[in-house]
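Participant: Need a 3D model of the sequence below.
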Amino acid sequence: MFELAKELQRDCILMAEWPLCTVLLMNDSQYPWFILVPRVAGAKEVIDLPEPQQIQFWQESAKLSRLLQDTFMPDKLNVAALGNMVPQLHVHHIARFKTDIAWPKPVWGLFSAKPYEDKEIAKIKANFV
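Facilitator: Next comes the predicted model:
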C-alpha cells in the first residue's frame with residue numbers, strides 16, 4: 001500500500017495527481033521546486049519500477065520539466081533523485097535562475113525555507129489543471 005513519506009507530507013504542497021505520480025511543490029518560495037513521486041509502495045530507485053512504469057515515470061518527468069520551462073523560463077532545470085534523507089523514490093525538479101539566492105550552488109540546506117502565501121500557491125496550482 002503506497003503512503004507518501006512523512007517528510008514530503010510535512011514539507012510539500014499537493015499540486016496534482018498524474019497517472020503514475022503525485023506532483024508536489026516544496027513549500028519554499030525562493031525556488032520553483034517540484035517533486036515527482038511515483039505512487040508505488042516500496043520503490044526507492046527508478047529501477048525498482050516495472051519497465052512500463054519506468055516509461056510512464058520518464059514521460060511524466062518530461063511533462064513536468066516542460067511545464068517548468070514554459071511557466072518559469074529558468075536559466076537551468078535541475079532534476080535529481082537523491083534519497084539520502086527520504087528513501088522513498090522521489091525526483092526533484094527545480095527551476096534555477098542565475099538570480100536565485102543559492103546560484104550556482106545546490107538549494108539544499110543553504111537557506112531557511114520561506115513558505116508560499118496562499119495566493120501564490122493558487123497561481124502555481126492553476127498551471128496543473
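
Participant: Now name the helix or strand holding the residue nearest to Val79 when sequence neighbours are not counted.
Facilitator: Sequence neighbours aside, His93 is the residue nearest to Val79 in space, at 5.4 Å (criterion: Cβ to Cβ, 6 or more residues apart in numbering). C-beta coordinates here come from the backbone N, C-alpha and C atoms, glycine included. Per DSSP states H and E: His93 is located in strand 91-96.

Participant: Geometrically speaking, which residue is the centre of the protein?
Facilitator: Central residue of the chain (Cα atoms, centre = their mean): Ile35, 1.5 Å from the mean position.

Participant: Now find how far off-centre the host helix or strand of Lys123 is within its chain.
Facilitator: Using DSSP H and E, Lys123 falls within helix 118-125. Distance of helix 118-125 from the chain centroid (Cα atoms, centre = their mean, to the nearest Å) equals 16 Å.

Participant: Now do the buried residues in the helix ranked longest in the chain.
Facilitator: As assigned by DSSP state H, the longest helix anywhere in the chain is helix 51-72. Residues of helix 51-72 classed as buried by neighbour count (16 or more other Cβ atoms under 10 Å): 53, 56-57, 60-61, 64-65, 67-68, 72.
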